Structures are given as C-alpha cells and as structure tokens.
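Colleague: attaching a predicted model along with its sequence, questions to come.
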Amino acid sequence: MKGSCGLAALLCAFPLCAVASSVALPTPAPAQSVGSPVCSQPDHAATVTKVVQPIYPNSAAASGEGYTSVQVMITIDPSGKIVDSHIYRSSGNAAVDESAQQAALHSQYAPKVVDCTAVTGRYLFRADFAPSDQASGTIDLPQRTGASWDNPFCGASALAIPFNVATNSYAAVSDTYALYVWAHARANYAARVMLIGNGQAYAVDIPRIAYDAARDAESAYLVSLPKGFFVEWYFVDGVGVDDAAIGDCPSFVKPVVPVHDLGPGVPAVPAVSATFEHLNARYVEKLPALSCGAPYTSLEMKNAFSPLVGHFGDRPLSAEVEAFVDSNGFIVKTEIRRSSGVDGIDEAAVSAVQFSTFRPATFLCTPVVGAQLVTIDYAP
C-alpha cells in the first residue's frame with residue numbers, strides 16, 4: 001500500500017445558535033439620468049432573454065424526488081453580464097440546486113433600466129424539474145461542483161460493488177466485483193486500485209484509457225478474485241492523467257457496503273456483463289498483524305464550533321457541508337452539499353465546519369485522509 005487513505009461521507013449534526021438581529025439584502029442604487037427619457041420604455045426590470053432548461057439529476061429521480069422547483073437570484077450588471085448568483089429557494093436536494101444554478105448561469109439576460117439608463121439589477125430565475133427531464137447516461141458519482149473535482153486528495157475515484165455474473169446483477173457477496181473508476185483528466189488516464197480483505201491486499205491495474213467527457217470519465221470493469229476472497233475496503237492507490245505516469249494518491253478508503261446502502265447515483269448494471277472490461281486482480285501481500293486493534297477507524301469530529309447567526313425567519317432550516325480532512329486532522333476543503341436556501345445560514349454552516357476540529361481516520365494503524373458530511377441545523 002502506498003500513500004495514506006480516508007473514508008467517504010459520515011453524518012453528524014449540531015445546532016447553530018441564533019441571535020436577535022436583522023439582515024437586509026442590499027439593493028444596488030439606480031444610476032441617475034439627466035434630462036427627460038428619450039426611449040420607448042424608460043423603466044423596466046431585468047429580464048431573461050434566453051432560457052437554458054435544467055437537467056433533472058439521475059440521483060434525484062432515483063431517490064423519488066418527483067416534481068420540484070428551485071429559485072436562483074441572479075445579479076446582472078448594466079451590460080447584461082451576470083456578476084453574482086445564489087440559491088434563493090432550495091429544493092432541498094444539492095444535485096437539483098446545482099443543476100438549477102448552472103441553467104441560470106448559462107441563460108442570457110437584459111439589464112434593468114431606469115430613466116432609459118441600464119443599471120445593475122436582479123432577476124429571480126425559476127427552474128422547474130420533472131422526472132421526464134432526467135439526464136441519460138450520467139450519474140452523480142463522484143459529485144462535482146461546477147467544473148471542479150471534488151476529491152482534493154486524488155485525481156481519481158472508484159466504486160466497488162459485489163457482482164453476480166450468472167444473474168448479471170449486483171450481489172450481497174461475491175468473488176467478482178463491478179469496479180467503476182472516474183478520473184479528473186482531459187485526454188486519458190491510468191490508475192491502480194487496491195482491494196483489501198481477508199488479511200490480504202490485491203491490486204487492480206486500470207489500463208490507460210481515453211477520457212470520455214460524455215461519460216464524465218467513468219469506466220466499468222469486472223474484476224475476478226480468488227474463491228473465498230471478499231473485499232472489505234478499497235481505495236485508489238495511484239493515478240496518472242493526460243499521459244503522466246501513475247503517481248501515488250493519499251488513499252481515500254471506502255468500505256464495501258450492500259448496494260441498497262449506497263444511496264442514489266449507483267451506476268445501472270449493463271445489459272450484459274460482457275460490456276464490462278474484464279480485469280484480474282494481482283496479489284500484493286499478506287497484511288501484518290495489527291497492533292492497534294480495528295483495521296479502520298472513522299474520521300471523527302472532536303470539537304464542534306457554533307458560530308453566531310443572525311435571524312433568518314421563523315422556521316428551522318438546515319444545510320449539509322462536506323469536510324475533506326487530511327491525515328493530520330486539518331480541513332483542506334469544504335463543499336455545501338445541500339443548501340438551506342439562505343445565504344447567511346449556508347455561510348454560518350461552512351464556518352461551523354471550518355472552525356471545528358477533527359480526529360483523522362486511521363487505516364492499518366496509520367492516520368489517513370477522509371471526508372465527513374456534517375448537517376448544520378438552524379433553530380430560530
């Protein structure tokens with residue numbers, strides 16, 4: 001095993017404290033005109049001139065989200081350029097909110113006009129979602145925010161699921177695994193995935209493959225293992241993108257769990273298992289006896305920080321923030337996974353996570369990187 005490693009999302013929650021204060025959204029002041037208006041419509045609000053329809057995320061459809069809508073507040077400067085955007089009313093689903101914001105940002109607008117003069121203004125973009133608008137051929141693993149790669153520790157990610165070749169379906173246990181691999185590449189990538197179980201380590205060498213933007217670089221493999229070997233944990237041990245040699249990744253350890261516990265976004269099983277590329281796992285080593293007890297311990301929040309928060313209405317709200325934590329217990333990145341729909345609460349939620357302290361995960365007695373999904377509750 002090379003590098004260090006860490007487990008994906010865990011869930012914990014703690015309340016934010018509210019203090020009595022009021023927060024008003026500033027409205028940009030209109031530009032002053034000189035003389036009498038000389039245009040046919042001297043005053044009008046900002047408008048949308050070309051609407052980009054949002055795509056219903058597969059994960060939302062798979063979780064039975066149904067019909068929903070999102071409102072995105074867009075700020076437009078006098079030239080019609082978008083200068084700011086935020087979720088004004090959330091659907092409660094991070095993937096749906098992200099799709100709505102992307103549609104709003106790629107739409108086109110005409111600026112607000114006061115006394116025949118274009119000024120900075122706002123437009124409330126509404127995105128309506130129906131299951132029939134679901135995207136085809138894409139999934140939400142790994143999650144992305146805009147064009148950024150989520151995992152700051154490694155340029156690749158993997159998902160391993162036991163697979164029954166005879167029935168061509170996912171299984172509870174098997175010595176054959178469906179292995180899905182993603183990479184943050186522009187041209188091509190190769191990778192090495194480690195499979196740990198039964199006190200042994202096996203490696204799967206992913207051959208260099210051309211990046212396919214249409215599939216978001218997802219590649220599917222069917223991996224055969226010796227009879228009686230069952231994978232307990234797995235991680236991307238190394239990746240080489242865009243013709244680079246494979247380099248070590250700080251390992252982001254994941255446990256093998258039943259497919260129904262993986263949640264939405266699990267890749268659909270191909271029509272026939274022959275569509276998987278078949279790979280054999282190679283034996284690496286027998287793991288030494290552990291002096292620390294459990295092979296894996298989870299990332300843990302040690303001390304929760306509760307920031308002061310202004311008053312944002314009279315109903316409870318919550319936000320989910322994912323914290324990526326290095327092997328020293330330091331946060332290296334945070335991402336809002338589910339917006340509360342209120343900027344101030346979202347900002348306080350991020351602050352709560354960033355100023356909390358964590359005990360890193362451990363794997364085979366070594367501190368490793370990891371991530372934790374933290375739910376922050378706002379109570380008025």
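Modeller: Received it, and whenever you're ready, just let me know what you need.

Colleague: mind listing what's buried in stretch 309-318?
Modeller: For stretch 309-318, the neighbour count (16 or more other C-beta atoms under 10 Å) marks 309, 312, 317-318 as buried. Glycine gets a C-beta too; all of them are placed from N, C-alpha and C.

Colleague: same question, stretch 67-87
Modeller: Under 16+ other C-beta under 10 Å, the buried positions of stretch 67-87 are 68, 70-77, 82, 85, 87.

Colleague: same deal with stretch 326-340?
Modeller: Judged by neighbour count (16+ other C-beta under 10 Å), stretch 326-340 contains these buried residues: 326-327, 329, 331, 333-340.

Colleague: stretch 104-123 now?
Modeller: By neighbour count on 16+ other C-beta under 10 Å, the buried set for stretch 104-123 is 104, 107, 109-115, 117-123.

Colleague: need the max-distance pair from those.
Modeller: The widest separation within the buried residues of stretch 104-123, taken as C-beta to C-beta, falls between 104 and 115 and amounts to 27.7 Å.

Colleague: ok, back up a step: tell me which two of the buried residues of stretch 326-340 sit farthest apart.
Modeller: 327 and 340 (30.8 Å).

Colleague: before we move on, the earlier item: from the buried residues of stretch 104-123, which is closest to residue 289?
Modeller: Checking these against residue 289 with C-beta to C-beta, the nearest one is residue 104 at 56.2 Å.

Colleague: and the closest one, what are its phi and psi?
Modeller: With angles defined as degrees, to the nearest 10, residue 104 sits at phi -60, psi -40.

Colleague: dump the residue contacts of it.
Modeller: Contacts here follow C-beta atoms under 8 Å, 6 or more residues apart in numbering; on that basis residue 104 touches 52, 72, 74, 85, 125, 127.

Colleague: hmm, try it at 10 Å
Modeller: For residue 104, the contacting residues are 48, 51-52, 54, 70-74, 82, 85-88, 123-127, taking C-beta atoms under 10 Å, 6 or more residues apart in numbering as the criterion.

Colleague: inside helices: which ones of those residues?
Modeller: Secondary structure assignment by DSSP state H places none of the contacts of residue 104 in helices.

Colleague: can you pull up the bridge partners for the nearest residue to residue 92 once chain neighbours are set aside?
Modeller: Leaving aside its sequence neighbours, residue 92 sits nearest to residue 338 (C-beta to C-beta, 6 or more residues apart in numbering; 6.7 Å). Taking DSSP bridges as the rule, residue 338 bridges to residue 320.

Colleague: quick check: residue 338 touching residue 319?
Modeller: Yes. With contacts counted by C-beta atoms under 10 Å, residue 338 reaches residue 319, the gap being 6.2 Å.

Colleague: so what sits against both of these two?
Modeller: With the criterion set as C-beta under 10 Å, 6+ apart, the overlap between the contacts of residue 338 and residue 319 is 90, 94, 346, 349, 375.

Colleague: pLDDT weak spots in the stretch 51-200 of the chain?
Modeller: Applying pLDDT under 70 to the predicted model, the residue ranges of the stretch 51-200 of the chain that meet it are 57-66, 130-149.

Colleague: what about the strands in it?
Modeller: Taking DSSP state E, counting those that start in this stretch to define them, one finds strands in the stretch 51-200 of the chain at 68-76, 82-89, 108-110, 112-114, 117-119, 121-129, 144-145, 148-149, 156-164, 169-170, 176-183, 188-197, 200-210.

Colleague: so for residue 276, which of these sits nearest?
Modeller: Distances from residue 276 to each of these were compared using C-beta to C-beta; the minimum, 6.8 Å, belongs to strand 176-183.

Colleague: report the angle between that closest one and strand 200-210.
Modeller: Going by axes from the mean of the first three to the mean of the last three C-alpha atoms, to 10 degrees, strand 176-183 is angled at 50 degrees with respect to strand 200-210.

Colleague: looking at this, residue 349 is in a helix?
Modeller: Yes. Residue assignment for residue 349, taken from DSSP: H, G, I helix; E, B strand; the rest coil, places it within a helix.

Colleague: mind listing what it touches?
Modeller: Contacts here follow C-beta under 10 Å, 6+ apart; on that basis residue 349 touches 16, 307, 309, 317-321, 334, 336, 338-340, 342, 374-378.
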